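Participant: Here's my sequence, what's the structure:
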Amino acid sequence: LYGTNLLEKASIEQWLEAESQSFNQPTLTLMFQLAYAPRVNIPQDEGLIKQSLEKLVKVLDVYEKRLGDSRYLAGDEFSLADLSHLPNSMYLVTRTELKELFMSKDNVGRWLEEISGRDSWKKVVEMQNPPPS
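Facilitator: Predicted coordinates for the structure are as follows:
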């Protein structure tokens, strides 16, 4: 998850920073505006939704290009850089109407399906949704 040499570690750190600085803000805003606000009767801010969608599209365009060159964000091995994107991505894909935004990009869609299909992620999802007792 952390890389085995300095170059891999630097690449992972770079993509973690990209997530922190470019991916998180629009995804967190969209999660709040599209999923949470309606449930607690907070009016949605359509301008903020539009602005966040525009930012997310630009970020996903960068990811699409990168994932055309490598299997995962930081190279050809699954890493913390990929793992850190799962919670927000999967929340938007499964609990809002933004699945098509992610899946319409060939490389992003492939990557997201692959990393969300990992047994470890499936176990996390299962723990969040325990079977009825």
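Participant: For the rest of this, base every contact and every neighbour count on C-alpha atoms.
Facilitator: Will do.
Participant: where does the protein have low pLDDT?
Facilitator: 130-131, 133 (pLDDT under 70).
Participant: Which elements pack onto the helix ranked longest in it?
Facilitator: The longest helix of the chain (DSSP state H) is helix 46-69. Contact here means 3 or more Cα pairs under 8 Å, 6 or more residues apart in numbering; DSSP states H and E; on that basis helix 46-69 packs against helix 24-30, helix 106-116.
Participant: what angle sits between that helix and helix 106-116?
Facilitator: When axes from the mean of the first three to the mean of the last three Cα atoms, to 10 degrees is applied, the directions of helix 46-69 and helix 106-116 differ by 90 degrees.
Participant: Next, the buried residues of helix 46-69.
Facilitator: Ile49, Ser52, Leu53, Lys55, Leu56, Val59, Leu60, Asp61, Tyr63, Glu64, Arg66, Leu67 (16 or more other Cα atoms under 10 Å).
Participant: right, and the first one touches Phe32 too?
Facilitator: No - applying Cα atoms under 8 Å as the test, Ile49 and Phe32 come out as separate, 9.6 Å apart.
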